[in-house]
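Visitor: would you be able to build a 3D model of this:
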Amino acid sequence: MKTRPNGLSIYFAGAIRGGRKDADLYARLIDYLGTFGNVLTTHVGDENLLQEEKFLSEAAIFERDMQWMQAADCVIAEVSMPSLGVGYEIGLAQTLGKKILCLYRPAHDRSLSAMIAGNPSLNVKNYREIHGAEHHIDQWLASL
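Guide: Down below sits the predicted model:
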């Protein structure tokens, strides 16, 4: 599936202050999502994000992200790294009536929050490698 006419506005959520070890994965997913439309939150995949955002106030970050969330057609969240911010974004997106896809890489040393895994309003998909995540993205976006 390629970019739709006029493209989608996609809000991508991934851990920032909760841990940046998946920043490269986020960048790859964001690049892939760019083939479907405009990813509003490309900064999530930037390895230097924490250094860049230190010049913004917490209030400015919050206001910016809330504007992007409201403008988004859908939300795709990578939820393998526990993050208060990502959980908040998912809850807000649900309240705003956004379609939400959560991508999760199972591991022996962690488990997905029941608040995500048990929520019937969320589409939660497990994957092991990026190709699996891309497959789930393709199928989910085709269903919108």
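Visitor: distance of the closest residue to E78 other than its chain neighbours from Y26?
Guide: Residue nearest to E78 in three dimensions, not counting chain neighbours: G14, with 4.5 Å by Cβ to Cβ, 6 or more residues apart in numbering. Any C-beta I mention is one placed from the backbone N, CA and C, and that applies to glycine too. Distance, G14 to Y26, using Cβ to Cβ, to the nearest Å: 4 Å.
Visitor: name the residue in these two with the higher neighbour count.
Guide: G14 (28 against 25; other Cβ atoms under 10 Å).
Visitor: contacting residues around Q51?
Guide: By Cβ atoms under 8 Å, 6 or more residues apart in numbering, the contact set of Q51 is empty.
Visitor: hmm, L84 is touching G18, no?
Guide: Yes: between L84 and G18 there is a contact under Cβ atoms under 8 Å: 6.7 Å.
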